[in-house]
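[1] just coords:
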């Protein structure tokens with residue numbers, strides 16, 4: 001070890017470095033907890049909006065749907081077609097879009113600052129044109145953002161499960 005001369009000065013440096021790292025970790029812990037708490041709060045808010053959206057769809061509630069969707073909302077349907085908010089509102093007004101039940105599951109909410117992405121699985125039942133009951137299962141993605149300071153759905157996509 002005779003060739004390694006600075007060894008005695010390395011120990012104090014490592015001690016100072018370890019102390020600085022520990023101090024930073026302790027100082028940043030409340031910030032990390034606060035951010036995690038904020039994310040959990042946002043996740044709960046989005047889950048509540050998902051519930052409100054489900055109820056609005058079941059009731060053909062135009063007022064609630066108007067509030068939940070941004071004006072330029074688009075939905076990509078399982079067949080690749082696109083439904084705009086204006087088209088959806090027209091279906092609601094005509095009563096031609098009547099869902100009997102919606103069963104959502106496997107819901108995951110991921111928050112990215114002012115954006116949230118919800119994925120899940122949904123089984124819907126509705127009455128067909130001939131009176132038959134149609135059941136459909138889809139995987140869905142909904143994107144939420146806060147364009148006017150409140151969470152709204154900006155886009156949605158559905159993929160048919162066969």
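    Thanks, I have the structure now. Note that the structure is predicted; figures quoted are calculated from it, not measured.

[2] residue ranges of the helices in the protein, please?
    7-59, 62-68, 85-94 (DSSP state H).

[3] what residues of the second one count as buried?
    For helix 62-68, the buried set under the neighbour-count rule, 16 or more other CB atoms under 10 Å, comprises 65, 68. Heads up, the C-betas are built off the backbone N, CA and C, glycines and all.

[4] just for this structure, where's the confidence low?
    1-11, 13-35, 96 (pLDDT under 70).

[5] if we go to 80?
    1-37, 95-97, 128-129 (pLDDT under 80).

[6] count of residues packed around the closest residue to residue 122 other than its chain neighbours?
    Excluding the flanking residues, the one nearest residue 122 by CB to CB, 6 or more residues apart in numbering is residue 104, at 4.9 Å. Residue 104 has 16 neighbours, counted by other CB atoms under 10 Å.

[7] try residue 154
    Neighbours around residue 154, by other CB under 10 Å: 18.

[8] and for residue 58?
    Quick note: residue 58 (other CB under 10 Å) scores 14 neighbours.

[9] what do you get for the one 3 residues further on?
    Applying other CB under 10 Å, we find 16 residues neighbouring residue 61.

[10] likewise for residue 157?
    Around residue 157 there are 17 residues (other CB under 10 Å).

[11] what sits against it?
    75, 76, 140, 141, 142 (CB atoms under 8 Å, 6 or more residues apart in numbering).

[12] from these, keep the buried residues only.
    75, 76, 140, 142.

[13] excluding its backbone neighbours, what's nearest the third one?
    Read it as residue 140. Using CB to CB, 6+ apart, the closest residue to residue 140 is residue 158 (5.0 Å).

[14] and for the second one?
    With sequence-adjacent residues excluded and distances taken as CB to CB, 6+ apart, residue 76 is closest to residue 157, at 4.3 Å.

[15] tell me the bridge partners for the one you found.
    residue 76, residue 141 (DSSP bridges).

[16] hang on, the earlier thing: now the contacts of residue 157 in a markdown table, with distance to residue 93?
    Below are the contacts of residue 157 laid out as a markdown table (distance: CB to CB, whole Å):
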| residue | distance to residue 93 |
| --- | --- |
| 75 | 17 |
| 76 | 22 |
| 140 | 24 |
| 141 | 27 |
| 142 | 23 |
